[in-house]
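Q: build me a model from this:
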Amino acid sequence: MIILPAIDIQNGECVRLYQGDFSTAHKVADSPQETAAQFRKAGAAWVHMVDLDGAKEARAKNTALFLEIAKHSGLKVELGGGIRTLETVETYLESGISRVILGSAAVKNPELVEQAVKRFGERIAVGIDAKNGMVATEGWLDTSEVHYLELAKRMEGIGVRYLIYTDISRDGALSGVNLEQLGALNRAVSCEIIASGGVSGLADVEACKSLGLYGVICGKAVYTGALPLESAIEMAGDQRC
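A: Numbering: from 1, shown residues only. I've put the predicted structure just below:
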């Protein structure tokens, strides 16, 4: 299983939010570049990055920073937030980003996801973020009428291999991952599932590994010290996938 430590970017700074609320943003590290270097030193192979400004404005922001991390950190970068066009997908993937995440587009513009998958295959992931099982979009500011399992099956049908599932109510809360919903998702589709939101310690990593998930994104727990990254990576196993 892959451990993906997270770096969320707002105005060029490394921040964390609570349950996706932009008003709760607080700086958690002095330098995104140094944070990525520390993740690499701990044994990480991937870093999960989110363009919070992009998510809010529905267009790519902070692009130079993401490309710098991809070029110099030694980590594979998985990037989401504000990616709404095929041109943006192409720019990122041809400039060093390893995998891009389409979120709101999966609900509002599934044709874009289909086009991206046809062109870039496994380098496309879809982020499914839900409140009470219903998918949220536009940086979690809007809630749709689409159930997360329904969207997952749609994405599987157009060839998406990687799904990132976030229970928004648990994001940044250190309350534990939603094993019930993650298990249901893993059983419902053949896609590789990455858990996000609520990781509070090594027990969550162990539980996700027991479910047979592909990966776990770790944010606040790493920054607070509740989750020793090196230990999580050791527990997860081979990070080369």
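Q: and the strands in this structure?
A: 2-10, 13-18, 21-29, 46-51, 76-80, 99-102, 124-131, 134-137, 142-147, 162-167, 192-196, 215-218 (DSSP state E).
Q: quick one: mean pLDDT for the fifth one?
A: Confidence over strand 76-80 (mean pLDDT, whole number) is 97.
Q: determine how far that strand lies from the middle of the whole chain.
A: The chain centroid and the centroid of strand 76-80 are separated by 8 Å under Cα atoms, centre = their mean, to the nearest Å.
Q: quick one: residues in contact with that strand.
A: 4, 45-51, 55, 66, 69-70, 92, 96-103, 125, 127, 164 (Cβ atoms under 8 Å, 6 or more residues apart in numbering). For every residue, glycine as well, the C-beta is placed using N, CA and C.
Q: each with direction, which strands does it pair with?
A: Strand 76-80 has the following strand partners under DSSP bridges: strand 46-51 (parallel), strand 99-102 (parallel).
Q: same check, this time on the last one
A: Next to strand 215-218 in the sheet, as set by DSSP bridges, lie strand 2-10 (parallel), strand 192-196 (parallel).
Q: reformat the ones you listed as TSV; add mean pLDDT.
A: As requested, these are arranged in TSV below (pLDDT from 0 to 100):
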stretch	mean pLDDT
strand 2-10	96
strand 192-196	96
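Q: what's the closest of those to G159?
A: strand 192-196 (12.7 Å; Cβ to Cβ).
Q: in PyMOL, select just the buried ones from the contacts of strand 76-80.
A: Only the buried entries of the contacts of strand 76-80 go into this PyMOL selection, using 16 or more other Cβ atoms under 10 Å:
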select buried, resi 4+45+46+47+48+49+50+51+55+66+69+70+92+97+98+99+100+101+102+103+125+127+164
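Q: that older thread, let me have the strands paired with strand 215-218 in CSV, extended by distance to A207.
A: Output for those, formatted as CSV (distance: least, Cβ to Cβ, whole Å):
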stretch, distance to A207
strand 2-10, 14
strand 192-196, 9
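Q: D30: how many residues sit nearby?
A: Burial of D30 is recorded as 10 neighbouring residues (other Cβ atoms under 10 Å).
Q: what about it, distance to C14?
A: 8 Å (Cβ to Cβ, to the nearest Å).
Q: likewise for C208?
A: C208 sits 24 Å away from C14, going by Cβ to Cβ.
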